[in-house]
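Participant: Below are the sequence and a predicted model for it; my questions follow.
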Amino acid sequence: MVSNQISVKPSRIARVLGLVAFLLVLASTGLQLMAYLTGRPHIFGLVPLFSVDVEQNIPTFFSAFLLLFAALLLAVITVLKRNQTASHVSHWTILSFGFLLMAADEVVSYHEQLNEPTSKLLGDASLVLFSWAIPGIVLIVVLAPFFVRFLLHLPTKTRLTFLMAAILYLGGSIGFELIGGGYAKLHGTQNFTYSMIATVEESLEMAGVIIFIWALLKYIAENYKEVRFRFDGDHVNSGGKHGRIGDSHLG
């Protein structure tokens with residue numbers, strides 16, 4: 001009997017995702033530089049297609065894919081933990097839904113709807129253009145205590161990798177967002193300096209999610225070794241048979 005198996009290597013997946021992210025950032029930076037030097041803002045439509053700071057383009061969908069991939073891995077861990085009646089299932093569940101919402105937001109950018117009400121609330125105290133980051137900081141501060149025990153429960157290597165991924169992602173999505181927003185409020189967004197700030201922001205976000213994906217894959221590999229997905233087929237005769245298709249090995 002032939003066993004259908006798919007072997008998954010976390011480091012290989014992370015390298016492939018990292019290479020794609022690097023090429024996208026390289027293409028975005030090169031095209032932005034060409035646009036700046038030639039005075040042609042679009043260059044046959046390639047700049048808006050590959051710019052990491054433009055919505056609804058190739059880098060946007062790749063970033064959404066990364067977040068969706070992370071949400072899927074978190075959902076797998078949630079199911080495995082629930083089957084074991086292990087602790088902290090709620091934390092894994094919340095993280096899975098959170099990354100699913102982040103993937104959707106990456107495409108539709110509904111977080112930007114917070115800019116106007118936040119700016120009105122802060123008035124002159126708002127020193128940045130993209131004020132949505134301020135409610136984002138408040139949300140992180142509120143959620144942080146809830147996840148402290150969860151982080152301490154994780155293996156040391158996993159915990160440190162999660163923290164590194166979070167620092168990179170939040171450093172880009174909020175840290176450089178605030179820097180870029182402050183610069184944009186003074187000098188606007190149609191300049192090379194702002195585009196480079198936005199490039200660093202998006203690069204840190206992608207790097208953070210890729211490291212997080214690698215950490216999740218390593219966590220599954222080290223704690224479960226083998227994850228089996230069973231597909232129950234249709235009954236083809238009176239006896240009926242259930243087929244198990246595909247064993248995934250992570251190592």
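Facilitator: Sure, I can see it.
Participant: which residue ranges form the strands in the chain?
Facilitator: Secondary structure of the chain by DSSP state E: the strands cover 5-8, 226-228, 247-250.
Participant: mean confidence for the first one?
Facilitator: Averaged across strand 5-8, pLDDT comes to 72.
Participant: OK, contacts around residue 169?
Facilitator: Residue 169 is in contact with 204-205, 207-209, 212, counting by CB atoms under 8 Å, 6 or more residues apart in numbering. Placement of C-beta: from N, CA and C, glycine included.
Participant: and the gap between it and residue 31?
Facilitator: Remark: distance between residue 169 and residue 31 (CB to CB, to the nearest Å) = 24 Å.
Participant: which residues of the stretch 1-150 of the chain score low on pLDDT?
Facilitator: Low-confidence segments of the stretch 1-150 of the chain, defined by pLDDT under 70, are located at 1-6, 109-135.
Participant: where exactly do the helices run in it?
Facilitator: Using DSSP state H, counting those that start in this stretch, the helices assigned to the stretch 1-150 of the chain run over residues 10-38, 46-50, 58-83, 89-108, 115-122, 133-153.
Participant: packing partners for the second one?
Facilitator: To tie it back to what came earlier, the one meant is helix 46-50. Using 3 or more CB pairs under 8 Å, 6 or more residues apart in numbering; DSSP states H and E as the contact test, the elements touching helix 46-50 are helix 10-38, helix 58-83.
Participant: From residue 63, how far out is the residue nearest to residue 56 when sequence neighbours are not counted?
Facilitator: Spatial nearest neighbour of residue 56, chain neighbours left out: residue 107 (7.3 Å); criterion: CB to CB, 6 or more residues apart in numbering. Counting by CB to CB, the separation of residue 107 from residue 63 is 9 Å.
Participant: What of residue 141?
Facilitator: Shown here: residue 141 relative to residue 63, a distance of 25 Å by CB to CB.
Participant: Have a look at the two and say which one is more surrounded.
Facilitator: With other CB atoms under 10 Å as the criterion, residue 141 and residue 63 differ in neighbour count, and residue 63 comes out ahead with 21 against 9.
Participant: Tell me who's in contact with the more buried one.
Facilitator: Contact partners of residue 63, counting by CB under 8 Å, 6+ apart, are 106, 202, 205-206, 209.
Participant: who's in contact with the closest residue in space to residue 150 that isn't next to it in sequence?
Facilitator: Of all residues not flanking residue 150 in the chain, residue 91 sits nearest, at 4.2 Å (CB to CB, 6+ apart). By CB under 8 Å, 6+ apart, the contact list for residue 91 reads 146-147, 150.
Participant: how much space between residue 91 and residue 98?
Facilitator: The gap separating residue 91 from residue 98 is 10 Å, by CB to CB.
Participant: about what we covered before: wait, which of the helices of the stretch 1-150 of the chain is closest to residue 218?
Facilitator: helix 10-38 (4.9 Å; CB to CB).
Participant: between that closest one and helix 58-83, how big is the angle?
Facilitator: 160 degrees (axes from the mean of the first three to the mean of the last three CA atoms, to 10 degrees).
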